[in-house]
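Student: sequence? don't have it. structure:
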DNA sequence: GCACGCCCTTGACGTGGATCAACAGGCCGC
DNA sequence: GCGGCCTGTTGATCCACGTCAAGGGCGTGC
């Protein structure tokens, strides 16, 4: 009886058995996450970096704006939205984070977070104490390099969003969003053409600088012209090339 | 005769005498630039980081998208715009860089630049070979920390622009832009209320996600209601609080 | 199994900023 | 000093998206 219960626990918690829990070496996300591109022996040296796992229930927050910055988090499972609340009451979604992605880089500059991070589903993260990360990356050049790459890619990704917000029309924004999600799902071994949106139309709209009605309308239009099949949060991409084309119109135009 | 010429050179190039040229220790920008917040003895150790100065004439480019990434640049004098050209022909200004600010962080992730950087006036930069920066920051914790801070602030700054582009109206965008410029001029010891725009209306519009006509109209409106006095590129801020209020409306509303 | 609330969809209408167009001022080369 | 070009201003019109409103599907708790 006792035994049965333990086993169930291990199963539901995936590879959450105490010892393996904090090992990057054995993590199936290592090629998406912090250890990506690092040599095998280097990865072993960073096993100790992750001190704790943390579970965050749907709707709960992982970090709050204003809190002191201590740790970065690597998403182990589930997904999150990152939001900024401005002084004047605006609240905007600035990104969605999936497994293997790093959260908390906003806190480094001022030692306190400026971004709220909220779980879109029951999720789990690996906490990486930042002072340890800095120490270890002074010793392991591969870790240092990889951390710099991650920050730089964050910067580049945001520039992409700036272009989206600054110069794309509603249809292009939504198409770009779907293509981007599709790529990220594929990179994680999921279907690139069929997936479940974890966020509401309002959250998508906030991220894309559109109102939820516009997001809904554009998706319906894509559905009507046969680019996708969409039913509430379930998405099926019927014509990936067409969607890509809708995301950056003139690309295939020449 | 020979002597006279040398002296003139030194004057015009500011502190550009060969030895001092590459010294962060003596640079009057050290509290805005890479050495900011570092201990005196640490700053001495990074003197050697800057190997070369580079002059860039107005309209010339400092780096081009697609070029291999070798160095970061610290703006020594003058100013730049950073632009992304997307595959589908869009070209958007993603930022303006002033003295003390670091350029080139976009290249770290992929080892090649994705951003074009163009001088808005005759300018000068300090080149910081990135491999040297990584080496030295493994030895000097203060440099490592400061470099991480700079990257993090870049990320946070871009999130601010995302909020601007995603949820602000035209007047708020322009007001925010002017307030931001004002702060940066003040931080550099210039007047916060009277300055010269180095960029055109079109460049401002591209950055703010507006058309040049809209930028012009909004500025004229600000002029008419007495917030600013604007004549072509010359700006005089008459009512800083009012402008701040226009930038985030409900802030002072409660 | 029913009722409530949340999320999504769809329609009708309004508007902020884009577009199109004309013109004016400043700067540069000749 | 003059003409051409680039940049900026301003007006008239248009349209993409926002706003307002109604209704429907689906999950959840009692």
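Tutor: Thanks, I have the structure now. These numbers were taken from a predicted model, which means no experiment stands behind them. Numbers count the residues shown, from 1 in each chain, chains lettered A, B, ... in the order given.

Student: hey, let's count contacts and neighbours off CA atoms from now on
Tutor: OK.

Student: pull out the buried residues from the longest helix seen in chain A.
Tutor: For chain A, the longest helix by residue count, based on DSSP state H, is helix A:141-167. By 16 or more other C-alpha atoms under 10 Å in any protein chain shown, the buried positions in helix A:141-167 come out as A:141-156, A:158-159, A:161-167.

Student: tell me the domain ranges of chain A?
Tutor: A:13-141, A:168-246 (automatic domain parsing).

Student: circling back: ok, and does the longest helix of chain A reach over to DNA strand D?
Tutor: No. Between helix A:141-167 and DNA strand D, judged by C-alpha under 7 Å from any atom of the strand, nothing touches; the nearest distance is 9.2 Å.

Student: report the mean per-residue pLDDT for that helix.
Tutor: Averaging pLDDT along helix A:141-167 yields 97.

Student: quick one: that helix to helix B:141-167, angle?
Tutor: 20 degrees (axes from the mean of the first three to the mean of the last three C-alpha atoms, to 10 degrees).

Student: next one: stretch A:70-90 to chain centre, how far?
Tutor: 10 Å (C-alpha atoms, centre = their mean, to the nearest Å).

Student: apologies, that question was intended for stretch A:126-139.
Tutor: Centre-to-centre, stretch A:126-139 and its host chain are 21 Å apart (C-alpha atoms, centre = their mean).

Student: quick check, stretch A:237-254 touching DNA strand D?
Tutor: No. Stretch A:237-254 lies apart from DNA strand D when judged by C-alpha under 7 Å from any atom of the strand; the minimum separation is 12.1 Å.

Student: and for that stretch, what's in contact with it?
Tutor: Outside stretch A:237-254, the residues that touch it by C-alpha atoms under 8 Å, 6 or more residues apart in numbering or on different chains are A:171-176, A:179, A:193-194, A:226-229, B:87-89.

Student: and if we set it to 7 Å?
Tutor: Residues lying outside stretch A:237-254 but in contact with it, judged by C-alpha atoms under 7 Å, 6 or more residues apart in numbering or on different chains, are A:171-173, A:175-176, A:179, A:193-194, A:226-229, B:87-88.

Student: format these as TSV; extra columns: distance to residue B:249 and neighbour count.
Tutor: Listed next are the contacts of stretch A:237-254 as TSV, based on distance: C-alpha to C-alpha, whole Å; neighbours: other C-alpha atoms under 10 Å in any protein chain shown:
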residue	distance to residue B:249	neighbour count
A:171	30	20
A:172	30	20
A:173	27	26
A:175	32	23
A:176	31	22
A:179	35	21
A:193	43	19
A:194	42	17
A:226	43	14
A:227	41	22
A:228	40	23
A:229	41	19
B:87	37	11
B:88	36	15
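
Student: excluding its backbone neighbours, what's nearest residue A:31?
Tutor: Nearest non-adjacent residue to residue A:31, counting by C-alpha to C-alpha, 6 or more residues apart in numbering or on different chains: residue A:37, 7.0 Å away.

Student: what about that neighbour, neighbour count?
Tutor: 16 (other C-alpha atoms under 10 Å in any protein chain shown).

Student: in which helix or strand does it reside?
Tutor: Assigned by DSSP states H and E, residue A:37 belongs to no helix or strand.

Student: tell me the spacing between it and DNA strand C.
Tutor: For residue A:37, the distance to DNA strand C equals 36 Å [C-alpha to the nearest atom of the strand, to the nearest Å].

Student: how about the residues of the stretch 101-250 of chain A by chain B?
Tutor: A:105-106, A:108-109, A:138-139, A:148-153, A:155-156, A:158-159, A:162-163, A:165-167, A:208-209, A:248-250 (C-alpha under 7 Å from any C-alpha of the partner chain).

Student: run the last query once more with 8 Å
Tutor: Taking C-alpha under 8 Å from any C-alpha of the partner chain as the test, the list of the stretch 101-250 of chain A residues beside chain B reads A:105-110, A:134, A:137-139, A:141, A:144-145, A:148-156, A:158-159, A:161-163, A:165-167, A:206-210, A:248-250.

Student: ranges for the strands of the stretch 51-200 of chain A?
Tutor: Listed in chain order, the strands found in the stretch 51-200 of chain A under DSSP state E, counting those that start in this stretch are A:52-56, A:61-63, A:71-77, A:80-85, A:91-97, A:102-103, A:116-119, A:123-129, A:194-196.

Student: switch these over to TSV; also include mean pLDDT.
Tutor: Below are these laid out as TSV (pLDDT from 0 to 100):
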stretch	mean pLDDT
strand A:52-56	92
strand A:61-63	95
strand A:71-77	96
strand A:80-85	96
strand A:91-97	96
strand A:102-103	98
strand A:116-119	96
strand A:123-129	95
strand A:194-196	96
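
Student: among the helices and strands of chain A, which has the poorest mean pLDDT?
Tutor: helix A:2-12 (a mean of 38; mean pLDDT, DSSP states H and E).

Student: the residue nearest the centre of chain A bridge partners, please.
Tutor: Residue closest to the mean C-alpha point of chain A, counted by C-alpha atoms, centre = their mean, is residue A:97 at 1.5 Å. The partner list for residue A:97 in beta bridges (DSSP bridges) reads residue A:80.
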